[in-house]
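*Asks:* show me the folded form of this:
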Amino acid sequence: MMMNYKFVDTIPNEIKRGSIYISLKYNTAIHKCACGCGEEVVTPLSPTDWKLIYNGKSISLTPSIGNWSFKCQSHYWIKNNQVVWAGKMSKEEIIKGRKNDVKAKKKFHDNKDNESQNKLVQLLKKLFFK
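*Replies:* Numbering: from 1, shown residues only. Model prediction:
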């Protein structure tokens, strides 16, 4: 299945099947599930969620899209505007993946907090210990 991409400021009211709407302003993308079930799939764009790759002609999202909370439980990639189907995952694999996501988010935000604290310490040293 081919996905047409559209860069938008805000997400439109009507999401058309076969189109992915990308709002860089709100760091998110949305499309109808590739399986045809009609569910809307929201993919936040961030260092700990999905990454958008745009090469001037096509888009890709990484990692894969696993719609585990949908009845269909579809699993696919969007690579160069194409839906590439991925294999089914067991409940155990889904749980493990979700736990890994939580750990990755925590690690990222902990490191970000540490970086901010280090920058503040360096600034204070410059100001008070010249």
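*Asks:* only C-alpha atoms from now on, for both contacts and neighbour counts.
*Replies:* Noted.
*Asks:* okay, now the domains of the chain?
*Replies:* 1-88, 90-130 (automatic domain parsing).
*Asks:* ok so Lys105 is a helix residue?
*Replies:* Yes - counting by DSSP: H, G, I helix; E, B strand; the rest coil, Lys105 is part of a helix.
*Asks:* re earlier: mind putting the domains of the chain in TSV, mean neighbour count included?
*Replies:* Output for these, formatted as TSV (neighbours: other CA atoms under 10 Å):
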stretch	mean neighbour count
domain 1-88	16
domain 90-130	12
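*Asks:* mind putting those in JSON lines, mean pLDDT included?
*Replies:* Shown next, in JSON lines, are those (pLDDT from 0 to 100):
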{"stretch": "domain 1-88", "mean pLDDT": "96"}
{"stretch": "domain 90-130", "mean pLDDT": "71"}
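*Asks:* so which residue is smack in the middle of this structure?
*Replies:* Compute the mean C-alpha point of the chain, and by CA atoms, centre = their mean the closest residue is Trp50, 2.1 Å away.
*Asks:* what's across from that one in the sheet?
*Replies:* Beta-bridge partners for Trp50, by DSSP bridges, are Leu45.
*Asks:* now swap in Tyr76 and tell me
*Replies:* Ile65, Trp85.
*Asks:* tell me the spacing between it and Val41.
*Replies:* With distances taken as CA to CA, to the nearest Å, Tyr76 is found 12 Å from Val41.
*Asks:* same question, Asn81
*Replies:* Distance from Asn81 to Val41, by CA to CA: 16 Å.
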